[in-house]
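S.K.: give me coordinates for this.
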Amino acid sequence: MLLGPDAFRGQEDEPREHPADSDTRAKTDVKLACKAVLALVSTSGGRPMLLGPDAFRGQEDEPREHQLFLTALLSFSRFCYKMITVSIVIPRRNTPPLNISKKELSKTMIKKEISELKRLFTPANCSISRICGCYVDGEKNKKTHMKEAFLSLPEEDMFKYFEIFRKCLSGSFGKNLLNLDFPLDAEKEGGTQEFLLQLRNSQLKDDQLLDAFYDRIIETYEYTGNYLVLVIHGIYDIPGKTLDGLDMDDASEEVYNHILCCICPVELSKPGLSYRELENTFGNRVRDWVVGLPDLGFLFPAFNDRSTDLHSTLYYSKNAGDLHDAFIDQMLGCPLPLDAGTQKESFQAIIAETLGDSCDYETVKTIHENLAEMLEEAKDAPEPLVLDKYQVKSLLADSGVEEEQLQEFDRHFDQAAGERAEIYAANLVNTRSLEVKTADVVIKVSPDRADLVETREIDGRPCLVIAIDGGVEVNGIMVKAGGASQEEDISGTP
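M.R.: A predicted model of the protein is given here:
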């Protein structure tokens with residue numbers, strides 16, 4: 001990005017156009033960042049400078065004023081992440097404004113952020129101020145309530161709760177852990193996001209809000225047995241970060257004020273024999289009601305880019321194949337995402353419809369290989385690899401699909417997945433094996449040896465041919481590979 005002396009001049013006091021959790025800090029960040037950029041440009045004698053990935057490398061040991069300058073730049077980028085749409089106009093001839101949507105920016109470093117929050121669920125780092133709960137029976141009746149200061153609980157109980165809370169932040173992104181964005185209507189007065197915001201701001205001290213919260217869950221959560229609704233309030237003083245990623249506890253810039261809700265099944269323990277110590281004998285075990293790990297839960301607000309994101313929530317579902325659509329739609333008010341199975345089925349339908357009669361083994365194998373290569377390149381990325389319509393189209397083109405076959409691609413994609421659908425690449429392909437399946441036979445091949453399988457026409461019949469390399473086993477028994485005479489029989493040559 002090319003920056004000139006007037007790149008940010010006059011923007012120090014611009015008003016904030018979109019709601020955020022801490023307007024004052026955000027505006028201060030803008031002022032600091034603008035002054036810092038102007039200071040940087042002035043030190044260059046008014047000459048434009050090219051800022052690239054290595055622009056600040058090696059400056060970790062610079063004087064404190066330089067460190068403050070770099071911190072201001074980071075603060076400015078954090079401010080941009082909070083905005084729904086960011087438009088930065090660079091004074092450069094024939095250069096259009098850069099439009100970056102919030103959706104494109106909101107997923108950065110999500111794995112590290114979740115790991116950071118999970119580290120809070122320990123006695124030493126605990127930031128939970130209050131825990132509340134409601135026990136609901138199979139007929140949707142409230143049986144009992146709880147409301148405690150979390151740090152007043154016995155240590156043994158705290159560890160059990162920590163296990164539940166950590167589970168709600170565990171899983172595979174795009175499968176059972178999803179970042180959901182609230183629509184604008186949900187953020188209006190009376191909307192689902194506005195209600196959750198009131199609950200968070202109350203710090204779980206308002207009994208009426210809590211009762212209304214439990215009522216909404218009971219109304220929207222479909223479950224046949226007993227369950228426990230747990231909700232906690234936490235305040236996390238986010239430590240600053242040095243350029244090399246070390247925490248600076250005395251340089252906190254923001255407080256992350258949040259709630260976490262977990263819905264846990266409560267079931268009778270299994271029957272069995274137990275040892276009765278007082279009687280020194282064995283007998284039927286007394287069954288009691290046990291709280292299991294959460295079936296679903298959500299964190300509000302989301303913790304994107306190590307900062308509060310009021311426009312999103314992190315959603316967890318134990319079963320990736322059943323995301324509890326009614327709960328997402330009615331309780332959270334978020335657009336329904338495609339579950340992992342539906343994403344894979346939609347992708348398969350898109351390929352089949354696009355290729356039509358040209359959908360052969362070699363083309364599908366190439367698509368699989370290219371997709372696996374993309375996943376391998378992105379395996380160390382902080383966020384999962386997500387493909388939109390245009391990226392899927394590019395994948396097919398790179399895999400040898402002809403341009404004329406791609407003419408109807410957009411229509412096929414919209415019908416199968418939806419115009420604005422985003423598909424998690426990890427849900428589409430098994431990187432450990434390539435599966436070839438007929439009505440009666442299933443063949444699984446290591447992706448790096450997919451060349452061993454090919455299609456041929458033998459005696460007028462389409463056949464799968466597998467090259468024998470290293471011997472053959474049948475039910476664990478090594479068998480002798482076919483000889484020359486058998487090869488002649490297969491090929492049809494006398």
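S.K.: so who does D410 touch?
M.R.: 389, 393 (Cβ atoms under 8 Å, 6 or more residues apart in numbering). From N, CA and C alone the C-beta is placed, and that goes for glycine too.
S.K.: mind telling me what element it is part of?
M.R.: If you go by DSSP states H and E, D410 is part of helix 409-416.
S.K.: can you map out the helices along the stretch 101-250 of the chain?
M.R.: Counting by DSSP state H, counting those that start in this stretch, the stretch 101-250 of the chain has helices at residues 102-105, 110-118, 155-167, 192-201, 207-220.
S.K.: comparing the ones you listed, which yields the minimum mean pLDDT?
M.R.: Of all these, helix 102-105 carries the lowest average pLDDT, namely a mean of 41.
S.K.: where in the stretch 351-494 of the chain is pLDDT low?
M.R.: 481-494 (pLDDT under 70).
S.K.: can you give me the helices in it?
M.R.: Going by DSSP H, counting those that start in this stretch, the stretch 351-494 of the chain shows helices at 361-377, 389-398, 409-416, 484-491.
S.K.: got the ones you listed as a markdown table, with distance to E139 columns?
M.R.: Putting these into a markdown table (distance: least, Cβ to Cβ, whole Å) gives the following:
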| stretch | distance to E139 |
| --- | --- |
| helix 361-377 | 46 |
| helix 389-398 | 46 |
| helix 409-416 | 40 |
| helix 484-491 | 66 |
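S.K.: these: which one's closest to N125?
M.R.: helix 361-377 (33.0 Å; Cβ to Cβ).
S.K.: and for G470, the neighbour number?
M.R.: Applying other Cβ atoms under 10 Å, we find 6 residues neighbouring G470.
S.K.: before we move on, what about M478?
M.R.: 9.
S.K.: surely it meets V472?
M.R.: Yes - with contact defined as Cβ atoms under 8 Å, M478 reaches V472; the gap is 7.3 Å.
S.K.: C-alpha coordinates for stretch 256-266, CSV please?
M.R.: Extracted as CSV, the C-alpha positions of stretch 256-266 are listed here (Å, rounded to 0.1, in the frame of the first residue of the first chain):
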residue,chain,number,x,y,z
TYR,A,256,-13.9,-8.2,26.8
ASN,A,257,-17.3,-8.3,28.5
HIS,A,258,-19.1,-11.5,27.5
ILE,A,259,-21.5,-14.3,28.3
LEU,A,260,-21.3,-18.0,27.5
CYS,A,261,-24.3,-20.2,27.5
CYS,A,262,-24.2,-24.0,27.6
ILE,A,263,-27.1,-26.4,27.3
CYS,A,264,-26.2,-29.8,28.9
PRO,A,265,-28.3,-33.0,28.9
VAL,A,266,-29.1,-34.4,32.4
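S.K.: look up how far V441 lies from the residue lying closest to D322 once chain neighbours are set aside.
M.R.: The shortest distance from D322 to any non-neighbouring residue, by Cβ to Cβ, 6 or more residues apart in numbering, is to D339 (7.4 Å). D339 is 29 Å from V441, where distance means Cβ to Cβ, to the nearest Å.
S.K.: those two: which has the busier surroundings?
M.R.: Each of D339 and V441 has its neighbours counted (other Cβ under 10 Å); D339 has more, 21 against 8.
S.K.: which residues sit in contact with the more buried one?
M.R.: 175, 320-323.
S.K.: how about the residue nearest to L299 when sequence neighbours are not counted, what does it touch?
M.R.: Excluding the flanking residues, the one nearest L299 by Cβ to Cβ, 6+ apart is L314, at 4.2 Å. L314 sits next to 114, 169, 177-180, 298-300, 302-303 when contact means Cβ under 8 Å, 6+ apart.
S.K.: ok, how many other residues are close to the residue nearest to V386 when sequence neighbours are not counted?
M.R.: Once flanking residues are discounted, V386 sits nearest to E422: 4.9 Å by Cβ to Cβ, 6+ apart. Taking other Cβ under 10 Å as the criterion, the count of residues near E422 is 17.
S.K.: so E422 sits against Y390, correct?
M.R.: No - between E422 and Y390 there is no contact under Cβ under 8 Å: 11.0 Å.
S.K.: which of the contacts of L314 lies at the shortest distance from G356?
M.R.: L178 (33.0 Å).
S.K.: kindly state the beta-bridge partners for the most centrally placed residue in the chain.
M.R.: Residue closest to the mean C-alpha point of the chain, counted by Cα atoms, centre = their mean, is F173 at 3.5 Å. Per DSSP bridges, the residues bridged to F173 are L177.
S.K.: ok, residues contacting stretch 123-131?
M.R.: By Cβ under 8 Å, 6+ apart, the list of residues contacting stretch 123-131 reads 119-120, 146-151, 153, 155, 158, 161, 203-205, 230-237.
S.K.: and those residues, which are buried?
M.R.: Neighbour-count burial within the contacts of stretch 123-131 applies to 120, 150, 158, 161, 204, 230-234, 236; the criterion is 16 or more other Cβ atoms under 10 Å.
S.K.: columns distance to H412 on top of those residues, output as CSV?
M.R.: CSV is the format used below for the buried ones among the contacts of stretch 123-131 (distance: Cβ to Cβ, whole Å):
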residue, distance to H412
L120, 45
F150, 51
M158, 52
Y161, 48
L204, 48
L230, 44
V231, 43
I232, 45
H233, 47
G234, 45
Y236, 45
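S.K.: max pairwise distance over the residues you listed: which two?
M.R.: L230 and Y236, at 18.3 Å, using Cβ to Cβ across the buried ones among the contacts of stretch 123-131.
S.K.: can you pull the contacts of R200?
M.R.: 233, 257-259, 300-301.
S.K.: redo these as CSV? Include distance to L395.
M.R.: Formatted as CSV, the contacts of R200 follow (distance: Cβ to Cβ, whole Å):
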residue, distance to L395
H233, 44
N257, 41
H258, 37
I259, 39
F300, 34
P301, 34
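S.K.: in the residues you listed, find the pair that's most separated.
M.R.: Once Cβ to Cβ is applied, those give H233 and P301 as the farthest pair, at 12.5 Å.
S.K.: need the residues touching each of those two.
M.R.: 200, 258.
S.K.: which stretches of the stretch 251-400 of the chain form strands?
M.R.: 254-268, 273-276, 281-284, 289-291, 296-300, 302-304, 307-309, 312-317, 386-387 (DSSP state E, counting those that start in this stretch).
S.K.: chain center to the third one, what's the gap?
M.R.: Okay, so that is strand 281-284. Distance, stretch centre to chain centre, for strand 281-284: 48 Å (Cα atoms, centre = their mean, to the nearest Å).
S.K.: again with the first one
M.R.: Relative to the chain's own centre, strand 254-268 is displaced by 18 Å; criterion: Cα atoms, centre = their mean.
S.K.: quick check: mean pLDDT of that strand?
M.R.: Strand 254-268 comes out at a mean pLDDT of 94.
S.K.: quick one: neighbours of S115, just the number.
M.R.: 11.
S.K.: give the contact list for it.
M.R.: Counted by Cβ under 8 Å, 6+ apart, S115 has zero contacts.
S.K.: quick one: it from L169, how far?
M.R.: 9 Å.
S.K.: what touches both of these two?
M.R.: Common neighbours of S115 and L169 (Cβ under 8 Å, 6+ apart) do not exist.
S.K.: circling back: any chance of TSV for the helices of the stretch 101-250 of the chain, columns distance to G333?
M.R.: Listed next are these as TSV, based on distance: least, Cβ to Cβ, whole Å:
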stretch	distance to G333
helix 102-105	17
helix 110-118	22
helix 155-167	24
helix 192-201	3
helix 207-220	10
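S.K.: nearest to I466, of those?
M.R.: Closest among the helices of the stretch 101-250 of the chain, using Cβ to Cβ: helix 110-118, at 38.9 Å.
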